[in-house]
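In: Build me a model from this:
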Amino acid sequence: MRPIIAVTGDSLVDPSPIINLNYADMAPQMIKNALLQVGGTPIIVPFPEDPSQIPAVVQSVLPLFSGLVLPGGPDIDPTLYHEEPRPHLGRTTYPKDLFEQALIKATLAAGKPILAICRGLQILNVTLGGSLYQDLATQGPAEQLQHAQTAPGQYPTHHIQIKAGSTLEQLMGSSAYVNSRHHQAVRQLAPGLKVVAQASDGIVEAVEDQAQQQILALQWHPENMWPQDRQQLAPFQKLVDRAQVFREKD
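Out: All right, here's what the predicted structure looks like:
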């Protein structure tokens, strides 16, 4: 049986033309396709608008999946890492932040693997006690790469260096050519995580947990690149393999 992989949902900002004026829950199609390609069965887990419902929803959904994907999406509310919003902060969705934080904690406590992508890396870092650059252009290194690329999103735009001995190195080698669609990034790394890839300007491009067993978090978007670069499927395959091991033990 294929392992079930939960993908946390977002909601469309504009009203859906299909569902009248209701805001529709959604998840990135290319993540769904990547998980199917490597043998997973994805399910979308939408966030409740009412934060009081979060604990019950998390406990209800947790037994249903063996692995979790945290996809890209809107900015993260900076009050969650004890900062007030700066002028260049983008759109935030506070209930989504709270839900993903609760789901991350429950997933890790249950021993299930997590693949985090872009915003997913960021909310993971914040959940575990780290902080972010709210806006790289105004807060990041003086000499930095173009991290919000103007090239089409499926194309690579800058290189990253990957640390020897990491899970990511086993999957992709010592370096990779990746796409880049973000204006936020890890500032202070959370306890229990380690940096395993960086861009040449020092921006964190990937992190793992210290034990290398549950967490692989990437700042780029492999889901957009894999149809042209099959190596970008490797993080999804690793998640599904880990989820299968967890399911067989459970």
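In: Tell me the pLDDT of E143.
Out: For E143, the pLDDT comes out at 87.
In: Not counting its neighbours along the chain, what's nearest it?
Out: D201 (6.4 Å; CB to CB, 6 or more residues apart in numbering). From N, CA and C alone the C-beta is placed, and that goes for glycine too.
In: what number of residues lie near the one you found?
Out: Per other CB atoms under 10 Å, the neighbour tally for D201 reads 14.
In: doesn't Q144 make contact with it?
Out: Yes. Between D201 and Q144 there is a contact under CB atoms under 8 Å: 4.3 Å.
In: Can you tell me the strand partners of the helix or strand bottoming out on mean pLDDT in the chain and which way each runs?
Out: The weakest-scoring helix or strand in the chain, judged by mean pLDDT, DSSP states H and E, is strand 25-26 (a mean of 84). With DSSP bridges as the test, strand 25-26 is paired with strand 10-11 (antiparallel).
In: if we look at the strand it pairs with, which residues are touching it?
Out: Y23, A24, D25, M26, A27, P46, F47, P71, G73, P74, T93, K96 (CB atoms under 8 Å, 6 or more residues apart in numbering).
In: Repeat the analysis, applying 6 Å as the threshold.
Out: Identification of contacts with strand 10-11 by CB atoms under 6 Å, 6 or more residues apart in numbering yields Y23, D25, M26, G73.
In: Pull out the buried residues from the residues you listed.
Out: The neighbour count (16 or more other CB atoms under 10 Å) marks G73 as buried among the contacts of strand 10-11.
In: out of the contacts of strand 10-11, who's nearest S16?
Out: Nearest to S16 among these: Y23, at 7.0 Å, using CB to CB.
In: which non-adjacent residue is nearest the closest one?
Out: S11 (4.7 Å).
In: next one: P222
Out: Q232 (3.9 Å).
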